[in-house]
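Novice: quick one, fold the following:
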Amino acid sequence: MAEAGLDTNAWDSELIEQSSPRFFHAGPGRVRLGTLTILRWLAVGGQSLAILIVHFGLGYALPLWPCAIAILSGIVLNVAVSTGLPSSRRLSDRETTAYLAFDQAQLAVLLFFTGGIENPFAILFIAPTAIAASSLNLRNTIALSMLSFALVTVLAVYHYPLPWEGEQILVLPPLYIGGLWIALVLGIGFTAIVAFRVATEATRMSAALGATQLALAREQRLSSLGALAAAAAHELGSPLATIAVVAKEISRDLGTGSPHAEDLTLLQSQVARCRDILSNLASYEDPDESYTATVPLPAVLEEVAALFRGMGPDIAIDTREAPGLVIRRSAELLHGLTNLLENAVDFAASTIALTASGSGTSVVLEISDDGPGFAPEIIHRLGEPYVTTRPGRGALSEEDLGPSAPQDDEHAGMGLGFFIAKTLLERTGARVTFANRTEGGARVRIVWPRRSIEAGSRA
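Specialist: Next up is the predicted model:
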């Protein structure tokens, strides 16, 4: 049990691939044209209001025509894109980057004529970078951040004087201007990093939770198919019994010398076979009952272990410390334990132990093996989505979150197995922890409050 990248079957692997951030970023970006258009209208309105208040309200002289032209450029662009493209259109990362770069350039022109970074509104340089960091990939976010740094640096040196009372010219000390430059650069950089990290984690978590839901939906679909088969067996039983009776009467009436006797014998044997098949199908439990069934804990562990018997390692089950414990059987419980045990089978040298114990308040299950143990570099991150050291794809990097991320068709694990198992088991009330054994090998410890899993207790 060496890592978090569990192998699932082909069906699960396909669903996990479709639920990864790569899949979600394969098409257009996440920003609608209408969103950027509204933001630009707000910016244009705020800029116009600020210019009018400063010039006419406060009486500070401003170069009105250059400022008006800069504001008018934003209005023209908004009108052009609003009339030429639908507001619901999702922009690609490249298009979004171009729009935000225009906003940065337009703001820089306004600041150039109104005092450069000495103007308090220079802090608005943070806004386009924050939008980029929360909606674009790493490459475009870095590009817009570097553009902001360059514009701030130019405005720190070249700009019209800051508007002031009368004919006075406000001259700030170079040290103070340098401090403003450092503050803006740090603000832009820090905001971009935080926004990008938060957006990245949100995307990864959303994708991983989608994969978890798909895995659980698979179990429920299989259960529904079984229930449908049981219902079909019940409905087909009566007509099949009628066919058997009629075939037997025809055979008796025609006698053994009839040329159709052999065909009737074959028909009767096939009817009997069909009745056996339907009898097996009818023994399937109703899914509503199976998901709330109460079964002994050893039976649940044996059900999970039976899937991997004969696959190499010996699987030992010890429930002596939890005698007579009857639990609620659920799809989440079975799928979570199956994923964890599958990983143990992959990496165990010869032995896997399932050890259960119980107290008055809790039920503990440990899955341990004699394999190489969890890799030290990922053990503290086990249970997070997209964490794996399996050969192939490996852990997804930040750049993988963008549409320009490199594609790798060969991978043995997506790093979602432990996340899915942990999430499903936590839905049953469990707390899952991972550790290495002192004598070698890995150990997964699952602890349930007794009331959340024991049959008859209030969940």
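
Novice: what about the helices in the stretch 51-200 of the chain?
Specialist: 64-84, 93-112, 126-135, 138-157, 174-254 (DSSP state H, counting those that start in this stretch).

Novice: comparing the ones you listed, which comes out most buried?
Specialist: Across these, averaging neighbours per residue (mean count of other Cβ atoms under 10 Å) puts helix 126-135 on top, at a mean of 22. C-betas here are computed from N, CA, C, even on glycine.

Novice: in JSON lines, list the helices of the stretch 51-200 of the chain along with distance to Leu33 and mean pLDDT.
Specialist: Formatted as JSON lines, those follow (distance: least, Cβ to Cβ, whole Å; pLDDT from 0 to 100):
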{"stretch": "helix 64-84", "distance to Leu33": "6", "mean pLDDT": "90"}
{"stretch": "helix 93-112", "distance to Leu33": "8", "mean pLDDT": "91"}
{"stretch": "helix 126-135", "distance to Leu33": "13", "mean pLDDT": "87"}
{"stretch": "helix 138-157", "distance to Leu33": "17", "mean pLDDT": "91"}
{"stretch": "helix 174-254", "distance to Leu33": "20", "mean pLDDT": "77"}
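
Novice: any chance of TSV for those helices, columns distance to Leu307?
Specialist: Listed next are the helices of the stretch 51-200 of the chain as TSV, based on distance: least, Cβ to Cβ, whole Å:
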stretch	distance to Leu307
helix 64-84	57
helix 93-112	43
helix 126-135	43
helix 138-157	41
helix 174-254	13
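
Novice: check contacts around the nearest residue to Val109 once chain neighbours are set aside.
Specialist: Closest residue in space to Val109, ignoring its immediate chain neighbours: Ala70 at 4.4 Å, by Cβ to Cβ, 6 or more residues apart in numbering. By Cβ atoms under 8 Å, 6 or more residues apart in numbering, Ala70 lies in contact with Gln106, Val109, Leu110, Phe113.

Novice: residues in contact with Leu337?
Specialist: Here Leu337 is in contact with Val300, Leu301, Val304, Leu365, Ile367, Ala421, Leu425 (Cβ under 8 Å, 6+ apart).

Novice: centre of the chain to the helix or strand it falls within, how far?
Specialist: When elements are assigned from DSSP states H and E, Leu337 belongs to helix 331-347. Taking Cα atoms, centre = their mean, to the nearest Å, one finds helix 331-347 lying 20 Å from the centre of the chain it belongs to.

Novice: same deal with stretch 101-111?
Specialist: That offset, for stretch 101-111, works out to 36 Å (Cα atoms, centre = their mean).

Novice: what's in contact with that stretch?
Specialist: 40, 43, 47, 66-67, 70-71, 73-74, 77, 117, 119, 121-122, 124-125, 127-128, 144, 147-148, 151, 154-155, 159.

Novice: hmm, back to that, out of the helices of the stretch 51-200 of the chain, which comes closest to Leu58?
Specialist: Proximity to Leu58 (Cβ to Cβ) singles out helix 64-84 among the helices of the stretch 51-200 of the chain, at 13.9 Å.

Novice: re earlier: so which of the helices of the stretch 51-200 of the chain is nearest Glu332?
Specialist: helix 174-254 (6.6 Å).

Novice: the inter-axis angle of that closest one versus helix 126-135?
Specialist: If you take axes from the mean of the first three to the mean of the last three Cα atoms, to 10 degrees, helix 174-254 sits at 20 degrees to helix 126-135.

Novice: next structured bit after the strand or helix carrying Arg320?
Specialist: If you go by DSSP H and E, Arg320 is part of strand 314-321. On the C-terminal side of strand 314-321, the closest following helix or strand by DSSP H and E is strand 326-328.

Novice: how far away from the center of its chain is that following strand?
Specialist: The answer for strand 326-328 is 30 Å, by Cα atoms, centre = their mean.

Novice: helices or strands up against that strand?
Specialist: Packing contacts for strand 326-328, counted by 3 or more Cβ pairs under 8 Å, 6 or more residues apart in numbering; DSSP states H and E, involve strand 294-296, helix 297-306.

Novice: got the buried residues for the first one?
Specialist: Along strand 294-296, the positions that meet the burial threshold by neighbour count (16 or more other Cβ atoms under 10 Å) are Pro296.

Novice: pLDDT weak spots in the stretch 351-459 of the chain?
Specialist: Counting by pLDDT under 70, the stretch 351-459 of the chain contains low-confidence ranges at 386-415, 456-459.

Novice: which parts of it are helices?
Specialist: Using DSSP H, counting those that start in this stretch, helices in the stretch 351-459 of the chain cover 417-427, 450-453.

Novice: just name the most buried of those.
Specialist: Highest mean neighbour count among the helices of the stretch 351-459 of the chain (mean count of other Cβ under 10 Å): helix 417-427, with a mean of 24.

Novice: between that one and helix 174-254, how big is the angle?
Specialist: 80 degrees.

Novice: distance from the chain centre to helix 417-427, please.
Specialist: For helix 417-427, the distance to the chain centre is 13 Å (Cα atoms, centre = their mean).

Novice: what does stretch 430-450 contact?
Specialist: Counting by Cβ under 8 Å, 6+ apart, residues outside stretch 430-450 touching it are 1-2, 336, 340, 344, 347-348, 358-374, 379, 382-383, 418, 421-422, 425-426, 428-429, 452-453, 457.

Novice: buried subset of these as a PyMOL selection?
Specialist: With 16+ other Cβ under 10 Å as the criterion, this PyMOL line picks the buried residues out of the contacts of stretch 430-450:
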select buried, resi 1+2+336+340+344+347+348+358+363+364+365+366+367+368+369+370+371+372+373+374+379+382+383+418+421+422+425+428+429+452+453
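
Novice: orientation of the helix holding Leu337 relative to helix 297-306 in degrees?
Specialist: Going by the same axes, to 10 degrees, helix 331-347 makes 50 degrees with helix 297-306.

Novice: average pLDDT across helix 331-347?
Specialist: For helix 331-347, mean pLDDT rounds to 87.

Novice: check contacts around Val304.
Specialist: Counting by Cβ under 8 Å, 6+ apart, Val304 makes contact with Leu334, Leu337, Thr338, Leu341.

Novice: so what's the residue count around the first one?
Specialist: Counted by other Cβ atoms under 10 Å, the residues lying close to Leu334 total 18.

Novice: what sits closest to it if chain neighbours are left out?
Specialist: Val304 (6.5 Å).

Novice: same thing with Gln47?
Specialist: According to Cβ to Cβ, 6+ apart, the nearest residue to Gln47 is Ile71 (5.4 Å).

Novice: check contacts around the one you found.
Specialist: Val44, Gln47, Ser48, Ile51, Gln106, Leu110.

Novice: can you rerun that using 7 Å?
Specialist: By Cβ atoms under 7 Å, 6 or more residues apart in numbering, the contact set of Ile71 is Val44, Gln47, Ser48.

Novice: quick check: Pro120 vs Ser251, distance?
Specialist: 101 Å (Cβ to Cβ, to the nearest Å).
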